[in-house]
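> the following comprises the amino acid sequence and a computationally predicted model.
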Amino acid sequence: QVQLVESGGGLVQVGGSQRLSCTASGDFSSIGTMTWYRQTPGKQRELVASISRSLTTNYADPVKGRFTISRDNTVNTLFLQMNSVRVEDTGVYYCKMIITSQTLGSYWGQGIQVTVSS
């Protein structure tokens, strides 16, 4: 069984930094694209950033130049470095990974709260 566990959320002040992590564990053979999403009250879940196995990255316009997505395949971990955070970055952040175990599937983390205070 595959499990994704997120960490690093919490309270951060406007202009500050926060680093999120998401680690996959379980029985699987490979991990493809990894993605961060976020959801704020009253809004649909939105893509924040993604990174392919070949390290091609993609960012949503609101976070370009402020957030950096990265991965460490040796420890099956996804990161999101959040700099110059804004109040509108507040939300629940979810990681998603495309993982090949017995079959190819999408797996989600449980979500982690990030609150940016002014």
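Structure received. Residues are numbered from 1 along each chain as shown.
> which SS class is the residue lying farthest from the centre of the chain?
For the chain, the residue at maximal distance from the C-alpha centroid (C-alpha atoms, centre = their mean) is Gln102, at 23.9 Å. Secondary structure state of Gln102, per DSSP: H, G, I helix; E, B strand; the rest coil, is coil.
> so which residue is dead centre in this structure?
The centroid of the chain falls nearest to Trp36 when counting by C-alpha atoms, centre = their mean (3.1 Å).
> got the contact list for it?
20, 22, 47-50, 69, 78, 80, 93-96 (C-beta atoms under 8 Å, 6 or more residues apart in numbering). C-betas here are computed from N, CA, C, even on glycine.
> nearest to Gln113, of these?
Tyr93 (7.8 Å; C-beta to C-beta).
> if we can go back for a sec, next up, phi/psi of the residue farthest from the centre of the chain, please.
phi -70, psi -30 (degrees, to the nearest 10).
> against Ser30, how distant is it?
Plainly put, Gln102 is 13 Å away from Ser30 if you go by C-beta to C-beta, to the nearest Å.
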